[in-house]
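Engineer: Structure, please.
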Amino acid sequence: MTQVIHEIAALREALNEHRLNRQSIGFVPTMGNLHAGHMDLMRACVQRCDISVASIFVNPMQFGPNEDFDAYPRTLDADLAQLSSQGVDYLFAPTVREIYPDGVNTQIEVPSLSNILEGASRPGHFTGVATVVAKLFNIVQSDVAFFGRKDYQQLAVIRRMVSDLLLPVEIQGVPTGRDADGVALSSRNSYLSQDERQTAPVIYQALRWAAEQITSGNLDYGQIERSGREHIDQGGLKTDYFEIRCAQNLTAPGHSQKSLVILTAAQLGKARLIDNIEVTAP
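Structural biologist: You can find the predicted model right below:
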């Protein structure tokens, strides 16, 4: 049964005992409303580390002015049942006051990665992500932390922050979980109507088409990006971006770069859906 802890001091005390026993600690930070994709992260954590810790914290810092923090689904009882089924040892579920006892004063920014793509559409979002993840890393002090590759830009921001701040935690990316029709698993999928859910696979279809263009030798990235946006828009969504970037640092690629990632975001009804696919150019 997963043990629930709400206070920083209590979690630190519990984990210190495991450190004294030289047990490795793994950590999966989440905002709750857990789904099968989160369970992939939990399984990776449980399999690799002696002690597994998940957190559920709806972080007000990463919500923009047009994003309703209060409306974000909070499903703690159901989430706890899922964590227990995976053998997760601890759930850290702090209040906002526990994480921000004096409000927001210190912030962490990763400007080279935070103001493009998702960051351009959601100003301040990745400052909120980086700040709260740094706080959680300092609280849990895990050996390894696990993040989904669906949020590719978020993963890049966190890797950069950990490297720049010399934080002693290994970041492990876990492959994107998908439904049978290719739709990336996401808490936001719960916002989709039945008809919208039938439309959603067009995003992954466009990404796969673009990846096939690149692997077959088409290096006209601008044309591929335009066609990808058109494909998604014609499918009934409103594309925000569809871009090919270097996998390592999300800069625009030259033709000498081989490791690439294609990233997209599109609005479908009330849901903003993001996805990506990694590809190696010939």
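Engineer: contacts and neighbour counts: CA atoms only from here.
Structural biologist: OK.
Engineer: Distance of G182 relative to I203?
Structural biologist: As for G182, its distance to I203 is 9 Å (criterion: Cα to Cα, to the nearest Å).
Engineer: and if you look at V104?
Structural biologist: Taking Cα to Cα, one finds V104 at 36 Å from I203.
Engineer: Counting neighbours, go ahead and name the busier of the two.
Structural biologist: The neighbour count for V104 versus I203, taken as other Cα atoms under 10 Å, is higher for I203 (28 against 11).
Engineer: Nearest residue to that one in space, ignoring adjacent ones along the chain?
Structural biologist: Nearest residue to I203 in three dimensions, chain neighbours excluded: I232, at 6.0 Å (Cα to Cα, 6 or more residues apart in numbering).
Engineer: if I look at the one you found, how far off is N33?
Structural biologist: 27 Å.
Engineer: In terms of packing, which of these two has more residues around it?
Structural biologist: A count of neighbours by other Cα under 10 Å puts I232 above the other of I232 and N33, at 25 against 20.
Engineer: pretty sure the more buried one is touching F242, no?
Structural biologist: No - using Cα atoms under 8 Å, I232 is not in contact with F242; the gap is 9.2 Å.
Engineer: So which residues of this structure form strands?
Structural biologist: 3-5, 25-30, 51-56, 90-92, 144-148, 170-174, 238-246, 259-268, 271-280 (DSSP state E).
Engineer: okay, those in JSON lines with distance to L41 and mean pLDDT next?
Structural biologist: Converted to JSON lines, these look like this (distance: least, Cα to Cα, whole Å; pLDDT from 0 to 100):
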{"stretch": "strand 3-5", "distance to L41": "18", "mean pLDDT": "98"}
{"stretch": "strand 25-30", "distance to L41": "7", "mean pLDDT": "98"}
{"stretch": "strand 51-56", "distance to L41": "10", "mean pLDDT": "98"}
{"stretch": "strand 90-92", "distance to L41": "14", "mean pLDDT": "98"}
{"stretch": "strand 144-148", "distance to L41": "6", "mean pLDDT": "98"}
{"stretch": "strand 170-174", "distance to L41": "6", "mean pLDDT": "98"}
{"stretch": "strand 238-246", "distance to L41": "25", "mean pLDDT": "98"}
{"stretch": "strand 259-268", "distance to L41": "21", "mean pLDDT": "98"}
{"stretch": "strand 271-280", "distance to L41": "17", "mean pLDDT": "97"}
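Engineer: any chance of those strands in JSON lines, with distance to M39 and mean neighbour count too?
Structural biologist: Below are the strands of the chain laid out as JSON lines (distance: least, Cα to Cα, whole Å; neighbours: other Cα atoms under 10 Å):
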{"stretch": "strand 3-5", "distance to M39": "17", "mean neighbour count": "15"}
{"stretch": "strand 25-30", "distance to M39": "10", "mean neighbour count": "23"}
{"stretch": "strand 51-56", "distance to M39": "11", "mean neighbour count": "24"}
{"stretch": "strand 90-92", "distance to M39": "14", "mean neighbour count": "23"}
{"stretch": "strand 144-148", "distance to M39": "10", "mean neighbour count": "22"}
{"stretch": "strand 170-174", "distance to M39": "11", "mean neighbour count": "17"}
{"stretch": "strand 238-246", "distance to M39": "28", "mean neighbour count": "21"}
{"stretch": "strand 259-268", "distance to M39": "23", "mean neighbour count": "22"}
{"stretch": "strand 271-280", "distance to M39": "18", "mean neighbour count": "20"}
